[in-house]
Each structure stands twice: as C-alpha cells, then as structure tokens.
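In: Sequence and predicted structure are below.
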Amino acid sequence: MKLNIKTIINTVLFPVTLIIASSAYADMSQQKYFSELESIANDSFRSEENIQRNAFRHPAETLTFFGLEPQMSVLEVWPSKGWYTEILAPFLKTNGKLTLAQFSQDTGEFRNERSVFWAKISAKLQQQIEENTDYFGQVSLVELEPPLLVNATTEQFDMVLSFRNAHIWNEDGHLQATLQTLFNALKPGGILGMVEHRASRLSDIASSASNGYLDEAYVIAAAQSVGFELVATSEVNANPLDSKNYPRGVYTLPPTLAMGAEDKDYYVAIGESDRMTLKLRKPIE
C-alpha cells in the first residue's frame, strides 16, 4: 500500500529539517575500515567500468557511513550484476557472512517478464561467484519475491543493504510490506542501509520527480511505520546537477542512458542520479 504524502508529514516522528543529517559518512570508530573498503572498490578484479562508477556511488564512504564491519552477517538485497557484491564479499569473506537476496529462478508461466529477466541476471552473478571463490569467498543465497523473503530466518542479519530498490517496491504497491520483511530479518539493533533516487522537495506536503524517484520523507515514514528508527542521513550520494525531470525518468541518466544517443553527452555530464542515503535501525527493545 502506498503512503499518502499528507500522511507522511503527520506520521514522521520529527520534521525533515530536524532529522539527523551527516555530511561526514560515519563516526570515528568506523574510520578504520574505510581504507580497506576503498582498496577493494579499486581492486583490479573489478572492471574498469565498475571502478569508474565509484565516483558516483562512493562505496567506501557509503558503507562506512552505514557502519559495516568485517565480522557482520550482511544481507544484500537484489544485487543485480553485483556491483556492490564485488566489494562486500571480499570484505566479509574471512570473518563475516554475505547473503544475497535474489530473484527466484522459477521461470514458470505465472512469472512476470521483469522477474524472469532479473532471474537471469541473478544466475549470471551466481556463476561469477562460483567461478571466483578465491575473491568472493562463500556467499549464501535466499530469494526475495516482494514482500516475501524465502529461506531466511527472523533476526538473522546484523545489516541489510538495499541500493535503489525501494522505488520498484513502491511502484508495485508493497514498499511497507517489504520493509516489514527486512525489519523482521534483522537482529535487534541491526542496521538497514538504503540508497535511493531522491525526488525534488517542493514543500512540506509535496514533492515532484519523474519515474524512478522517491521522496525522502516518504521513504523514512514508510520505514518508521514498520518499526525502524532513523539513525542518520548522509549527502554522500547527492548530485545537485540532477533536475529529476527527464523524458524517461531516472533511467535517462547514466548508467542506463535510456534515450540512447539522443542528448547522450548532456546526460553523461549530469552523471548518476541524486540519491538519499539512509541509516535506519531496528530497536533493541
């Protein structure tokens, strides 16, 4: 069920202007892992294309902000081609545990076209992991068919990470239900780290953007409605050049470049989308 924008303002626990904002990406206790994450993000195992995206996605800064530590049990939700998996897996392989929440490999007649497409992408990533265990280590799999998380137990993970998935859950009408599932999968005190395309804020009761963007207050309210508490927000993935008003929404921008050659240089110059970065916690009690 989608949240009404007016409801958001009445249900968010404190005004957006008072939300804990962080231009830094983590407290000092987490800084010791930043260099290791940055080194992995630039490792020669990764393609040059993926390394170039570091400039827009800021993986070391983002993961440090979330408080990632090498001994954690981490769930990465819908990793797609594994851009973040290439960083998370080697970081966690010795003392921690990485689990991927993938699309079901069931391609039966009742599966929609999008799910079948992403199931194929999931299978390719799994093959890459199995062929490069020295790099990735042992990575576990569960299935997320929103809002259901299959083969995972409650209170299993120290951290759940979701990169640019919430707009899909919202479009399909189950943002809150999926967030509830992720809440249940976290241990008490566990962290949900979210990065999502951010809509333009017009006023306290309205926002505007084309396809693929979400209002930041809306996402926070949805998370709070299922029990999460907001720890902090960060502007590490902000992009002030993103006007959020394009012919094919956020997919007009890199890396998708949905308009093809049309005005390509213009969209490349803008770069990837303006993104909210949210650190949320499941309360201990």
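Out: Structure's in. What do you need?
In: A238 versus N184, what's the distance?
Out: Going from N184 to A238 by C-beta to C-beta, to the nearest Å gives 31 Å. Quick note: C-beta positions are derived from backbone N, CA and C, even for glycine.
In: Let me know the secondary structure of G190.
Out: strand (DSSP: H, G, I helix; E, B strand; the rest coil).
In: Compute the number of surrounding residues for it.
Out: G190: 25 surrounding residues under other C-beta atoms under 10 Å.
In: got a pLDDT number for it?
Out: We have a pLDDT of 98 for G190.
In: cool, and Q31?
Out: We note a pLDDT of 77 for Q31 in this prediction.
In: Begin at 14, not 1, for the rest of this chat.
Out: Sounds good: first residue 14 from here, last item Q44.
In: Around E184, count how many other residues there are.
Out: 13.
In: And it, how far from R127?
Out: E184 is 11 Å from R127, by C-beta to C-beta.
In: so where's the stretch 114-263 of the chain shaky on pLDDT?
Out: Filtered on pLDDT under 70, the stretch 114-263 of the chain yields the residue ranges 119-125.
In: Please enumerate the strands of it.
Out: Taking DSSP state E, counting those that start in this stretch, the strands of the stretch 114-263 of the chain run over residues 152-158, 161-163, 170-176, 199-210, 213-216, 219-221, 242-247.
In: now those as CSV including distance to S117?
Out: Shown next, in CSV, are the strands of the stretch 114-263 of the chain (distance: least, C-beta to C-beta, whole Å):
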stretch, distance to S117
strand 152-158, 5
strand 161-163, 7
strand 170-176, 18
strand 199-210, 22
strand 213-216, 35
strand 219-221, 33
strand 242-247, 31
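In: among those strands, which is the most enclosed?
Out: strand 170-176 (a mean of 23; mean count of other C-beta atoms under 10 Å).
In: partner strands of that one, parallel or antiparallel?
Out: If you go by DSSP bridges, strand 170-176 pairs up with strand 86-90 (parallel), strand 199-210 (parallel).
In: Residues contacting the first one, please?
Out: Outside strand 86-90, the residues within contact range by C-beta atoms under 8 Å, 6 or more residues apart in numbering are 81, 97-98, 101, 105, 109-114, 155, 157, 165, 169-176, 178, 195, 198.
In: quick one, it and strand 152-158 angle?
Out: Strand 86-90 and strand 152-158 are oriented at 40 degrees to each other (axes from the mean of the first three to the mean of the last three C-alpha atoms, to 10 degrees).
In: after strand 86-90, next one along is what?
Out: helix 98-105 (DSSP states H and E).
In: If you count contacts, what does that following helix end up packed against?
Out: Under the contact definition 3 or more C-beta pairs under 8 Å, 6 or more residues apart in numbering; DSSP states H and E, helix 98-105 sits against helix 47-54, helix 72-79, strand 86-90, strand 110-115, helix 126-144, helix 146-149.
In: Buried residues, the fifth one. List them.
Out: The reference is to helix 126-144. For helix 126-144, the neighbour count (16 or more other C-beta atoms under 10 Å) marks 128, 131-132, 134-135, 138-139, 142 as buried.
In: try the third one
Out: With burial defined by 16+ other C-beta under 10 Å, the residues of strand 86-90 counted as buried are 86-90.
In: For that strand, list the C-alpha coordinates in CSV.
Out: Extracted C-alpha coordinates of strand 86-90, given in CSV (Å, rounded to 0.1, in the frame of the first residue of the first chain):
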residue,chain,number,x,y,z
SER,A,86,26.3,-11.1,8.8
VAL,A,87,25.0,-9.0,5.9
LEU,A,88,22.1,-9.3,3.5
GLU,A,89,22.4,-7.5,0.2
VAL,A,90,19.0,-7.1,-1.5
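In: now it, how far from the chain's geometric center?
Out: Centroid separation for strand 86-90 versus its chain: 11 Å, with C-alpha atoms, centre = their mean, to the nearest Å.
In: Would you mind giving the orientation angle of that strand with respect to helix 98-105?
Out: 180 degrees.
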